[in-house]
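*Asks:* dropping a prediction and its sequence here:
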There are 6 protein chains.
Amino acid sequence: MRITLINPNTSRAMTDKIGHAAREVAGPGVEIVAVCPAPGAGPAAVESHVDEIAAGAAVIDAVRADLAAGGSDGYVIACFGDPGLDAARELVDVPVVGIAEAAIHVAAMTGRSFAIVTTLSRTLGRAQDLLARYEFERACVAAYGTGIPVLELEDTGSEAFEDILGWCERAVREDGADAIVLGCAGMADLCHRLQERLGVPVIDGVAAATGLVAAMVRMRVGTSKRDEYAPPPVRPAEVAAGEAATARVASVGA
Amino acid sequence: MRITLINPNTSRAMTDKIGHAAREVAGPGVEIVAVCPAPGAGPAAVESHVDEIAAGAAVIDAVRADLAAGGSDGYVIACFGDPGLDAARELVDVPVVGIAEAAIHVAAMTGRSFAIVTTLSRTLGRAQDLLARYEFERACVAAYGTGIPVLELEDTGSEAFEDILGWCERAVREDGADAIVLGCAGMADLCHRLQERLGVPVIDGVAAATGLVAAMVRMRVGTSKRDEYAPPPVRPAEVAAGEAATARVASVGA
Amino acid sequence: MRITLINPNTSRAMTDKIGHAAREVAGPGVEIVAVCPAPGAGPAAVESHVDEIAAGAAVIDAVRADLAAGGSDGYVIACFGDPGLDAARELVDVPVVGIAEAAIHVAAMTGRSFAIVTTLSRTLGRAQDLLARYEFERACVAAYGTGIPVLELEDTGSEAFEDILGWCERAVREDGADAIVLGCAGMADLCHRLQERLGVPVIDGVAAATGLVAAMVRMRVGTSKRDEYAPPPVRPAEVAAGEAATARVASVGA
Amino acid sequence: MRITLINPNTSRAMTDKIGHAAREVAGPGVEIVAVCPAPGAGPAAVESHVDEIAAGAAVIDAVRADLAAGGSDGYVIACFGDPGLDAARELVDVPVVGIAEAAIHVAAMTGRSFAIVTTLSRTLGRAQDLLARYEFERACVAAYGTGIPVLELEDTGSEAFEDILGWCERAVREDGADAIVLGCAGMADLCHRLQERLGVPVIDGVAAATGLVAAMVRMRVGTSKRDEYAPPPVRPAEVAAGEAATARVASVGA
Amino acid sequence: MRITLINPNTSRAMTDKIGHAAREVAGPGVEIVAVCPAPGAGPAAVESHVDEIAAGAAVIDAVRADLAAGGSDGYVIACFGDPGLDAARELVDVPVVGIAEAAIHVAAMTGRSFAIVTTLSRTLGRAQDLLARYEFERACVAAYGTGIPVLELEDTGSEAFEDILGWCERAVREDGADAIVLGCAGMADLCHRLQERLGVPVIDGVAAATGLVAAMVRMRVGTSKRDEYAPPPVRPAEVAAGEAATARVASVGA
Amino acid sequence: MRITLINPNTSRAMTDKIGHAAREVAGPGVEIVAVCPAPGAGPAAVESHVDEIAAGAAVIDAVRADLAAGGSDGYVIACFGDPGLDAARELVDVPVVGIAEAAIHVAAMTGRSFAIVTTLSRTLGRAQDLLARYEFERACVAAYGTGIPVLELEDTGSEAFEDILGWCERAVREDGADAIVLGCAGMADLCHRLQERLGVPVIDGVAAATGLVAAMVRMRVGTSKRDEYAPPPVRPAEVAAGEAATARVASVGA
């Protein structure tokens, strides 16, 4: 079984971290491939709605590239906003799972409630949209931004770790969270250390999504191709979405 | 006051229709500009999640191009999935309104309930996401796909009209809808004829969004720049999202 | 186009303020008429559920009086509890919009969340009912009563202003509100000053409702007359509701 | 213990029926008084939002009249829209229960789900508002209007009975309702016959509310006077709401 | 009329207290019987999910024993988690009401909101499940565990009383609760004293459930036997659930 | 890694089936143990709320027995009502997952919506409770009872299969379900055949829960022991819940 993890940002260091986290939980017989866009072909980090759209485009590109190379048994979208998840599901019939989705689902099975601890507070709106979409609004009792930018997580020295730990402790103590969901793929390597310090389950979405996709592949369960997630319509005159970079805007009738 | 309407698909015919619908309701003193991507620089139509992401990118491009040319007093995203709405709000401090959003809000003020009648049933999932995001799940009592592709709406002869009318009638009669929301910018020109035949309000999002943006401009109310919708972070090493078309996928540590 | 704004309380000073706020946003070609009950023919202020019912009766009276005089192209109910809104919709087929409704809808388009800042805390229950009715329970992240009675707003010296500003600041800082909704028509004149000080959108419902009604009139969209909002049944033996003031209670079979 | 039931419409026949239904369940030691407005001092029936406001005013009048005569130990608002319920709670500190409220609460304790069968379909919007306010949106699996006007229920010959029975049967068979809630005080006398025919619990709100108020009186539990339901503010210059009938509308600054 | 109250824990002191609280509100003509399991035949207290299942089994035993002895006109499950409520409803066609259910329903009729004050915080999850099941998630504005174990309530000296009062005061002052729901049958005797001190309604579920069952009996309304609550299937080979204590676990195919 | 699956009913044939379904997806290195109560020590099937409580007791017994024998790395509750799930989580700190929970979570990742197809319609109430508890009320678009008793599934000849298939087809065609959740552990062996015929994902909870528990074990994520799921209080005087079978009911003060 081969699972491809797609980091839609261009950080190779983070992509390495993601591949490592996935391999730790994959179990025997599961090949893990972690990919990211070439420099300039995706956002450097995903910290805004503008980035989110670029990330979605990068996910589509990655899935198409993987399909052209033979395809995988399942895909993980390794960015906490789950960019391009619906679009990727249109392109394949194997399982596709986002790391926010996976982390939230698993957290819900470790207790009654969880809290999300993430990078910049400006991304909490996207997290709220996902909680509404996945219907976990009651289970999520808090969501905190630590103020640490995504790319600074690559070097999570003790200070960043203690900052993140502090927010987790607050969520457990003040909000009564039974578990913590880490809100960024770049935090994957902190997961076990945080759990040890906190004494409650800490869920990294990369590991959760990898485990879920592997389980779904073994269950022979993929993506439903009924209507919404059927392959997208192909329109003859249409230039591939990949060429959108040359977009120029034309005023009509102004 | 200048309002720019962004049709994220490449159909100039539809863009003309959109501009016309907006001008009908703009009232004196409002300049309407309707733009769309150059051929190849956006999706031909928005009928899938893959299209949706390309449309979001096209919206960002259009807003940036308009800003570079001096900017407008408000923006309308003239595609029923409201693609790129959150991203566009990050880029400006003036009002930005999507046509799905606008149509739904106005419909809610014409009675207790409404139904959405749109193009392909596969787009109903996106409509459901928007209803959840905008919190109109009780008010929307039905959502129907007519099976008519977006681009076939450019030539809405009597057959398409009767088809659409049939779904609207069903929504009123069987689902008790007080009003109809048209689920595609390409239906703007059918609005008044449908209302005449149905005897209940029929809302075209292009007109609704234009009216709302004009009102917000006069109220001096724009987009909140607090946190989530503040300008997106600019990262020095990052290549503009517009260049994403050259994306190539690199495997790391596979 | 003629829009009639109905202030259901008897304060002529507040009615003047309301008319002024509406004219500021009405744009060219829109005639604004602001009316209120004669002294003794309506509540002095609307600060309780008892007042709310008297206000509803005053709204019905005002609509009937306006219809008798030829009618308007649209109506605004200029009291934050939206008293009589459903009843007024039964009486006409043109748009009728309440200022709470309008302010909430517009606020939702300026960001993700808003807070309501109003007069007495005892009116917050009514606000909660409206949020449930209009389905904005997630978007409204806080609702505060300032403790300032409605009629003291007529003389909003610096102290009242600073009080209100303080609650708004708290909503932005502690509750993360992207925008502020002013919870009383009597606050209309504070709107721009508050927005300047706060740096986030501040929405006055009088302006919002006026803008919405004008847009709906231009869109040729009115009130759905299907079933619930059809003209109320006329029962031959029934004395007009307007005569209810002579009510005497008769015990039957006690 | 003395419980006053307020029928806000002017039908003495219906008021008699209400008193009778209450006495049947009141148990020993409970005095039942059923009142209604004098002819012309209230709506003949409550079948529209316009009627609802007149009914609310009639309820306030009746509570005030009863207080002036010494007051009761509890009040029942005997009209399915629960008009004036919040206002009545402001006026007293003893229990006040509406018949829609009571019927819905009791129905929820007879099974998992219920359906409402009422008079005109145009009143279903009000029922939906109450279900949202009382939070029974999941438990209520259907709501049907029979098309029988309130006043025709006074003479519920076999035809009306069979009509109502038919809707109840449909709710049980097709919607899986565990119980039926009768949506009008005028149906009180049909309750036991319907239950016998249907084989599932049928709940009349008059009986339910009477039982609930009696229980609350024995529990020494009344209406919370904290903030929202504290006595309404008395404003010196204000003419009593009861005089609203002389309302004349004054244009200000038009 | 005979109402049987089932305390599923083995405390006879608490069972006495429950019987007393019920008799206080039962009114003339209502016989109250309060039962509990024999020592060893039920949990000593219900403070965990493990206890909850044992309590459910004890409730089933008690209902069956009462039926064997001729049955009652109605049943109250006198434990705040409402253990075995659905099961008991399968066994009888008369009313069965849980004390959490009853307290919550009555509290909702004393104002807009309430708070639950209970024993150990670990039981709040069960309370949340009940609030979701009964659909009172908006009305319940706070739920507090005092940390006082159930069995220590048998001796509620001044210290425990002041502790409980403190949490109630916080709920009223900080959370704006209009009323207090006592979250344990063992608090029944504190109800009136707390209400006196707090000045808002305090609801004991034992009294509330007794009042509700008595009302339902007088209304001739019982439990719906349609499908879900029909008598449970009897399977020939099955040993009575009451013999489950001899359970031994067998591994199959391990 | 050793995962113990607990079938709370006494059918050894079904327990064999469950063990087989789990082994199919467990992957290398995972030992599967499937247990059930000895005859007479649990319900023969779980088809009522009375059965549900007996099943919960059987689950507790099984977990305790397994702990006494050294314990496992994770537990699956192999009965669609997830009986005893919360209680089992109190007893261990490793993962415990119910098959309803697991099937629902996985189904939500195969598309937008799913339907549940189960045995007797009387169990749909329990399914609805679980959907509310796990917050999947929007995603679940239909739930059907086939009318086939649990124990008849042991011999699922072609007739039962075609019946079940028919309900699945209806859910896909009429309700637009993207996937099917099988509502009984006894249907595990039908999963792949149904999926083949339907063309949409069909999820068996036994496989889903096994996959999830294995993933959680590899992630080193267990059950949160914070407060609600901490070990249950041990009360000295208390006889073990396992002895509840000797329950006799004592009337106190009657």
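*Replies:* That came through, no problem. Numbers count the residues shown, from 1 in each chain, chains lettered A, B, ... in the order given.
*Asks:* near chain E, which residues of chain A?
*Replies:* A:112, A:138 (CB under 8 Å from any CB of the partner chain). C-beta coordinates here come from the backbone N, C-alpha and C atoms, glycine included.
*Asks:* for chain A, which segments are assigned as strands?
*Replies:* Listed in chain order, the strands found in chain A under DSSP state E are A:2-6, A:31-37, A:74-77, A:96-98, A:114-118, A:140-145, A:179-182, A:202-203, A:249-252.
*Asks:* of those, which shows the lowest average pLDDT?
*Replies:* Among the strands of chain A, strand A:249-252 has the lowest mean pLDDT, at a mean of 52.
*Asks:* among the strands of chain A, which is nearest chain C?
*Replies:* strand A:140-145 (10.4 Å; CB to the nearest CB).
*Asks:* what about that closest one and chain F, touching?
*Replies:* No - Strand A:140-145 stays clear of chain F (CB under 8 Å from any CB), getting no nearer than 9.8 Å.
*Asks:* next one: stretch A:76-86
*Replies:* No - shown here: stretch A:76-86 not in contact with chain F (CB under 8 Å from any CB), separated by at least 8.7 Å.
*Asks:* distance between that stretch and the chain's centre?
*Replies:* When C-alpha coordinates are averaged (CA atoms, centre = their mean, to the nearest Å), stretch A:76-86 and its chain have centres 4 Å apart.
*Asks:* tell me the spacing between whatever residue of the stretch 101-250 of chain A ends up closest to chain C and C:A139.
*Replies:* Scanning the stretch 101-250 of chain A for the residue nearest chain C gives A:G125, at 5.1 Å (criterion: CB to the nearest CB). Using CB to CB, to the nearest Å, we find A:G125 at a distance of 11 Å from C:A139.
*Asks:* anything in contact with each of those two?
*Replies:* Common neighbours of A:G125 and C:A139, counting by CB atoms under 8 Å, 6 or more residues apart in numbering or on different chains, are C:R112.
*Asks:* could I get the average pLDDT for the biggest helix by length in chain A?
*Replies:* Longest helix of chain A, by residue count under DSSP state H: helix A:49-68. The pLDDT scores in helix A:49-68 average 98.
*Asks:* low-scoring stretches of the stretch 151-254 of chain A, by residue?
*Replies:* A:156-157, A:236-254 (pLDDT under 70).
*Asks:* how about the helices of it, start to end?
*Replies:* Applying DSSP state H, counting those that start in this stretch to the stretch 151-254 of chain A gives helices spanning A:158-173, A:191-198, A:205-219.
*Asks:* want to throw the ones you listed into a markdown table with mean neighbour count?
*Replies:* A markdown table is the format used below for the helices of the stretch 151-254 of chain A (neighbours: other CB atoms under 10 Å in any protein chain shown):
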| stretch | mean neighbour count |
| --- | --- |
| helix A:158-173 | 17 |
| helix A:191-198 | 17 |
| helix A:205-219 | 29 |
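*Asks:* in TSV: these, plus distance to chain C.
*Replies:* Below are the helices of the stretch 151-254 of chain A laid out as TSV (distance: least, CB to the nearest CB, whole Å):
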stretch	distance to chain C
helix A:158-173	15
helix A:191-198	25
helix A:205-219	23
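*Asks:* go through those and name the closest to chain D.
*Replies:* Nearest of the helices of the stretch 151-254 of chain A to chain D, taken as CB to the nearest CB: helix A:158-173 at 27.9 Å.
*Asks:* same for the closest one, what does it pack against?
*Replies:* Identification of packing neighbours for helix A:158-173 by 3 or more CB pairs under 8 Å, 6 or more residues apart in numbering or on different chains; DSSP states H and E yields strand A:114-118, strand A:140-145, strand A:179-182, helix A:191-198.
*Asks:* among these, which comes closest to B:A21?
*Replies:* The closest of the helices and strands packed on helix A:158-173 to B:A21 is strand A:140-145. By CB to CB, the value is 39.5 Å.
*Asks:* got the angle for the closest one vs helix A:158-173?
*Replies:* 160 degrees (axes from the mean of the first three to the mean of the last three CA atoms, to 10 degrees).
*Asks:* paired strands for strand A:140-145, with orientation please.
*Replies:* The strands that strand A:140-145 pairs with in its sheet are strand A:114-118 (parallel) (by DSSP bridges).
*Asks:* run the chain-centre distance for the strand it pairs with.
*Replies:* Offset of strand A:114-118 from its chain centre (CA atoms, centre = their mean): 14 Å.
*Asks:* can you give me the buried ones in it?
*Replies:* A:114-118 (16 or more other CB atoms under 10 Å in any protein chain shown).
*Asks:* which of the residues you listed lies closest to chain E?
*Replies:* Distance to chain E, by CB to the nearest CB, is smallest for A:F114 among those, at 13.6 Å.
*Asks:* contact partners for the nearest residue to that closest one once chain neighbours are set aside?
*Replies:* Distances taken as CB to CB, 6 or more residues apart in numbering or on different chains put A:A107 closest to A:F114, at 3.9 Å, once the chain neighbours are dropped. Residues counted as contacts of A:A107 (CB under 8 Å, 6+ apart) are A:114, A:139, A:179-181, A:201, A:203.
*Asks:* give the closest residue to the residue of the stretch 101-250 of chain A closest to chain C in space, chain neighbours not counted.
*Replies:* B:E228 (4.2 Å).
*Asks:* so how far is A:F161 from that neighbour?
*Replies:* In terms of CB to CB, B:E228 sits 26 Å off from A:F161.
*Asks:* can you list the domains in chain A?
*Replies:* A:2-98+A:208-225, A:100-204 (automatic domain parsing).
*Asks:* residues near the nearest residue to A:T223 once chain neighbours are set aside, how many?
*Replies:* Excluding the flanking residues, the one nearest A:T223 by CB to CB, 6+ apart is A:R89, at 4.7 Å. Residues near A:R89, counting by other CB atoms under 10 Å in any protein chain shown, number 30.
*Asks:* cool, the one 4 residues further on as well?
*Replies:* A total of 15 residues lie near A:D93 under the criterion other CB under 10 Å.
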